[in-house]
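Novice: Any chance you could fold what I've pasted below:
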Amino acid sequence: MTPFRLGKLELKTKQPVLGEPIEVRMTITNQANQAVVIANPEVGNPPADLHWPASNEAYQIGVLLSFRLIQITLTEAAGTQVESKGLMPWVTPLLGKRTLQPQESLALDFDLNELFSLKHGGRYHLQVRYGDADIHVDATMEINIMPRSNISGAEKERQK
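Specialist: All right, here's what the predicted structure looks like:
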């Protein structure tokens, strides 16, 4: 049994559009009556000599993926898994532990466009697991991603 649970998985982007950032936040809240020790998701920023091609958030997720502390799966409505971009940092930061007091939360932010090779708009199923074999949380959500051609003329002008 997991002593804490996912508070929510929320889409931070108001209208997800193919090719634009699609920001998601995973919030984990300790619902237990006692403190819980979990893997600390804060791994720092990429070293300058790494020439990291993406955001600091993508670096954080890449490190957590490499240590199998987070798993993120994006599936099309037809059931086909979307290919991961395979962002791996190829560095070994020191991972620590973090204590979550009762009712305390932590948040992980990530951009689906940085992590996955999205090729078309449509309905997607997002599944996220954070933690290790002893303590983990799972969350899912549905996301509608608009194709770029569905953006109105005024919206296209504003994006230029």
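Novice: Could you use CA atoms for every contact and neighbour count after this?
Specialist: Fine.
Novice: Show me what the residue nearest the centre of the chain bridges to in the sheet.
Specialist: Note on the chain: the residue nearest the mean C-alpha position is residue 110, at 4.0 Å, using CA atoms, centre = their mean. Judged by DSSP bridges, the bridge partners of residue 110 are residue 24.
Novice: That one against residue 57, yeah?
Specialist: Yes. With contact defined as CA atoms under 8 Å, residue 110 counts as touching residue 57 (5.8 Å).
Novice: now stretch 117-136, how far from the centre of its chain.
Specialist: Centre-to-centre, stretch 117-136 and its host chain are 7 Å apart (CA atoms, centre = their mean, to the nearest Å).
Novice: got the CA positions of it in PDB?
Specialist: Taking C-alpha atoms only, stretch 117-136 is exported to PDB below (Å, rounded to 0.1, in the frame of the first residue of the first chain):
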ATOM      1  CA  SER A 117       7.400  12.600 -31.100                       C
ATOM      2  CA  LEU A 118       3.800  13.900 -31.600                       C
ATOM      3  CA  LYS A 119       3.000  13.700 -35.300                       C
ATOM      4  CA  HIS A 120      -0.800  14.600 -35.400                       C
ATOM      5  CA  GLY A 121      -3.500  16.000 -33.300                       C
ATOM      6  CA  GLY A 122      -6.200  13.900 -31.600                       C
ATOM      7  CA  ARG A 123      -7.100  12.400 -28.300                       C
ATOM      8  CA  TYR A 124      -4.300  11.000 -26.200                       C
ATOM      9  CA  HIS A 125      -4.100   9.000 -22.900                       C
ATOM     10  CA  LEU A 126      -1.300  10.100 -20.500                       C
ATOM     11  CA  GLN A 127      -0.100   7.700 -17.800                       C
ATOM     12  CA  VAL A 128       2.500   8.800 -15.200                       C
ATOM     13  CA  ARG A 129       4.100   6.800 -12.400                       C
ATOM     14  CA  TYR A 130       6.600   8.400  -9.900                       C
ATOM     15  CA  GLY A 131       8.600   6.700  -7.200                       C
ATOM     16  CA  ASP A 132      10.400   3.500  -6.700                       C
ATOM     17  CA  ALA A 133       9.400  -0.100  -6.000                       C
ATOM     18  CA  ASP A 134       8.500   0.600  -2.400                       C
ATOM     19  CA  ILE A 135       6.600   3.900  -2.700                       C
ATOM     20  CA  HIS A 136       5.000   5.200  -5.900                       C
END
